[in-house]
Structures are given as C-alpha cells and as structure tokens.
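**Student:** Provided below are the primary sequence and the corresponding predicted coordinates.
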Amino acid sequence: MKIGILQTGHAPEELKPASGNYDEMFRALLAGHGFSFETYPVLDGVFPDTAEAADGWLITGSKFGAYEDHDWIPPLEDLIRQIHARKMPLVGICFGHQIIAQALGGKVVKYDGGWSVGHTEYRLHGAPVQLNAWHQDQVVDKPAEARVIGQSDFCANAFLAYGDHIWTAQPHPEFQNAFVYGLLRTRGKGVVPDAQLQAASETLDRATDSTQIANEIADFFKKVRTR
C-alpha cells in the first residue's frame, strides 16, 4: 500500500541530523507495516497530479497556521476535499488535523488558552494515552460530519474521525522525546512561556504511547473499505 505524505512543514535544520524531517519521522513511525511512501512537500508547491496518486494520504504538522494566507493552503484544501469525496483513507496530525477540519467546514483559531507542550495525557476511545503535544492552534468548531474520538482537558477536539476514511489527531505520535526537547530549545523560547517550557522539559523522561497510535494508524490505512 502506497502512502502519500503531504508535507506541510520542515523540522528545524539543527534537529534534522538526529531526528530527520517531518516526513521521515512518519516513515519511521509506520515502519514495519508494509507501506511504501512518497513525499509531496506541498508547502514548497509540490503536489500530486491527482488524489489517486497514492492509496492513502497523511498530512504532517507545520509551524504555519491553517488560517494563514499561503499560496499552498487553498490547493491543499481542494485536494483534501477530493480525497474525502473519493472516501480514500486520510490521516492528519497537528496541522494536518486542523487543515482537514478547516477544509471540511470546521474552524481553527489561535487558542486564547495558550499552548499545550510536551508530554500530555489524552483519552482516546475512552482510554488514557500519553503523547507529546506542540500546539497553540486548535479546532474549536468541528465539521458537522466529524465525531470526537479523543480529547484532553486542554483540547476538546483532539482526535476526530469522519466516516471510516478520515482519522486525525492534534498530538504528535511521530515526535520522540528528544525531538521535543530540541523544539523547546529552538522554537519554544520567546514563544511559549518560560515556565511552561521548564515544566515540559521535566516530563520528557516519560514513555509515550506512540507505538499504540502507530498501530492504530496502520490498521486504519489497511482497513477494507467499499467506496
């Protein structure tokens, strides 16, 4: 099964040697499940010719806001709607979660409640999961067809599903603790409150449930569907 990775952001240059770029993190997360991958750096204007160019799609995180004025956002929203109309499997993580919601009628804002950073507890399908977060933007109004399958105390729409063909998550199962520590140093200072950065740094010795989420994403992609 070929997964097309729609890359909407780049990791900080100084962190790439150890952690890889965002598409590489997802390749590592989903390794061993029998997928092949092709990356389309849409933020650089590189798009697939058609929604049928892959069997399933994954949209990465980004430092940009879904509501910002960038040339690549409208065509990405058009592609999302094409994938949705074909009922092809689509996964969105962080920015991907947000842009899918926005493209399908939801609302994304810079949340006035601040940031969620570092090790965070969510409830997914009613059970606790621990994942790394890095976001201020949130989906505050979900699309009418979306259903909430997971949340945290900070983020009410943290995991959304649309039918049986779209699965999205606000947290980052692809972010290992070492990468988040790097983000605290490279992108956090002067943006995230210092006290929150310090508190987040003290949680990065804790294990996450990234493997569980990787298995859920893999099962989601492989699910037999009739269009």
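**Tutor:** Great, that's in hand. Numbering: from 1, shown residues only.
**Student:** and Arg225, how many neighbours does it have?
**Tutor:** 11 (other C-beta atoms under 10 Å). For every residue, glycine as well, the C-beta is placed using N, CA and C.
**Student:** pretty sure Leu137 is in contact with Gly113, am I right?
**Tutor:** Just to correct that, residue 137 is Asp rather than Leu. No - counting by C-beta atoms under 8 Å, Asp137 does not reach Gly113; the two are 11.3 Å apart.
**Student:** More neighbours: which of the two?
**Tutor:** More neighbours surround Asp137 than the other of Asp137 and Gly113, with 21 against 9 (other C-beta under 10 Å).
**Student:** what about that one, distance to Asp219?
**Tutor:** 28 Å (C-beta to C-beta, to the nearest Å).
**Student:** Equivalent analysis for Glu68, please.
**Tutor:** Distance of Glu68 to Asp219, computed by C-beta to C-beta: 33 Å.
**Student:** tell me what the helix or strand of the chain with the lowest mean pLDDT is packed against?
**Tutor:** Of all helical and strand segments in the chain, the minimum by mean pLDDT, DSSP states H and E falls on helix 194-201, at a mean of 90. Other elements packing on helix 194-201 under the criterion 3 or more C-beta pairs under 8 Å, 6 or more residues apart in numbering; DSSP states H and E are strand 116-124.
**Student:** buried sites along the strand it packs on?
**Tutor:** 116-120, 122, 124 (16 or more other C-beta atoms under 10 Å).
**Student:** any idea of the angle the helix or strand just after it forms with strand 116-124?
**Tutor:** Next in sequence after strand 116-124, counting helices and strands by DSSP states H and E, comes strand 127-135. For strand 127-135 against strand 116-124, the angle by axes from the mean of the first three to the mean of the last three C-alpha atoms, to 10 degrees is 150 degrees.
**Student:** Only the buried residues of whichever helix or strand comes after strand 127-135, if you could.
**Tutor:** Where DSSP H and E defines the elements, the next helix or strand beyond strand 127-135 is strand 137-141. For strand 137-141, the neighbour count (16+ other C-beta under 10 Å) marks 137-139 as buried.
**Student:** Ok, stretch 29-48 next?
**Tutor:** 29-30, 35, 37, 39-43, 47.
**Student:** can you give me the end-to-end distance of it?
**Tutor:** 23 Å (C-alpha to C-alpha, to the nearest Å).
**Student:** what does it contact?
**Tutor:** 1-10, 23, 26-27, 53-54, 62, 64, 70-72, 75-76, 79, 173-174, 210, 214, 217-218, 221-222 (C-beta atoms under 8 Å, 6 or more residues apart in numbering).
**Student:** average pLDDT across it?
**Tutor:** For stretch 29-48, mean pLDDT is 98.
**Student:** Got phi/psi on the residue nearest the centre of the chain?
**Tutor:** Nearest residue to the geometric centre of the chain (C-alpha atoms, centre = their mean): Ile93, 1.0 Å. The phi/psi pair for Ile93 (degrees, to the nearest 10) reads phi -120, psi 130.
**Student:** and it, what does it touch?
**Tutor:** Per C-beta under 8 Å, 6+ apart, neighbours of Ile93: 26, 58-61, 168-169, 171-174.
**Student:** Most neighbours out of the residues you listed, which is it?
**Tutor:** Pro171 (32 neighbours).
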